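S.K.: Below is the sequence, then the predicted model.
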Amino acid sequence: MKNVRAEARRRRILAPLAGLVLAWALLLTCLLPIAVAQGRVVPSVTQMRLEQADDGVYLTAAVQFELPSLVEEVLDKGIAIYFVAEAEVFQERWYWTDRKVAQVTRHMRLAYQPLTRRWRLNVSPVPITGTAGFGVSLNQNFDSLADAMDAVKRVGRLRLGDVAEVGDEPLHQVVFRFRLDTSQLPRPFQIGVVGQADWNIVAERSAKLVLEKQR
């Protein structure tokens with residue numbers, strides 16, 4: 001009888017402790033992903049500028065993000081990675097949905113050249129796959145990955161079209177998107193990166209921009 005009472009007393013004491021331990025475990029489970037995310041720089045568009053030149057309207061943008069070590073390891077193995085920057089301009093209409101008046105896309109291919117020990121960045125208005133895109137691409141070479149990534153993050157002079165196409169209103173609604181394009185990786189890597197947060201580099205910003213005239 002005494003043993004039964006002692007066991008019941010022990011259970012009454014341990015039950016609240018077990019509940020407390022479970023509550024802490026659940027809390028840590030919820031906070032761990034947040035802590036990991038807070039340790040990284042969330043990709044963001046830090047600058048957007050719309051300019052009117054003699055030959056058209058251009059958008060300049062800047063993106064801020066950190067290249068994960070996993071992606072750097074892939075680059076070090078000689079495998080190219082791809083980025084895509086896209087901009088759209090909309091004309092606001094009070095009586096209907098906004099009308100898209102301009103759209104432009106820029107494709108960027110970054111690869112390490114083992115023979116020269118330099119980094120090559122190809123920039124093209126069309127996807128750079130196989131031999132496609134290289135014929136119309138601009139090439140830049142860099143001594144370090146940091147310098148090459150600085151060029152990737154500075155998306156300069158995206159030509160949106162002529163002034164007649166874009167319009168000469170003082171304000172324009174612009175949407176800019178930037179992403180790491182995993183669809184152009186070799187097939188085995190496309191399968192391997194599914195669900196990996198390191199490969200999820202995406203930034204987007206929408207803003208009304210003043211059309212500045214170049215002097």
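M.R.: That came through fine.

S.K.: after the worst-scoring helix or strand of the chain on mean pLDDT, next one along is what?
M.R.: Least confident helix or strand of the chain, by mean pLDDT, DSSP states H and E, is helix 2-38 with a mean of 46. Counting by DSSP states H and E, the element after helix 2-38 in chain order, helix or strand, is strand 44-53.

S.K.: Quick check: mean pLDDT of that following strand?
M.R.: The pLDDT scores in strand 44-53 average 95.

S.K.: Does anything pack onto it? Which helices or strands?
M.R.: Judged by 3 or more Cβ pairs under 8 Å, 6 or more residues apart in numbering; DSSP states H and E, the packing partners of strand 44-53 are strand 56-64, strand 171-180, strand 202-213. Bear in mind the C-beta positions are built from the backbone N, C-alpha and C, glycine included.

S.K.: who does it pair up with?
M.R.: Strand 44-53 has the following sheet partners, assigned by DSSP bridges: strand 56-64 (antiparallel), strand 202-213 (parallel).

S.K.: which stretches of this protein have low pLDDT?
M.R.: Filtered on pLDDT under 70, the chain yields the residue ranges 1-40, 130-135, 188-196, 215.

S.K.: quick one, longest strand in it?
M.R.: Longest strand of the chain, by residue count under DSSP state E: strand 99-113.

S.K.: The residue lying closest to Leu145 once chain neighbours are set aside and Glu72: what is the separation?
M.R.: Closest residue to Leu145 apart from its sequence neighbours, by Cβ to Cβ, 6 or more residues apart in numbering: Trp119 at 5.8 Å. Here the criterion is Cβ to Cβ, to the nearest Å. By it, Trp119 lies 11 Å from Glu72.

S.K.: neighbour count winner among the two?
M.R.: More crowded of Trp119 and Glu72, by other Cβ atoms under 10 Å: Trp119, with 21 against 15.
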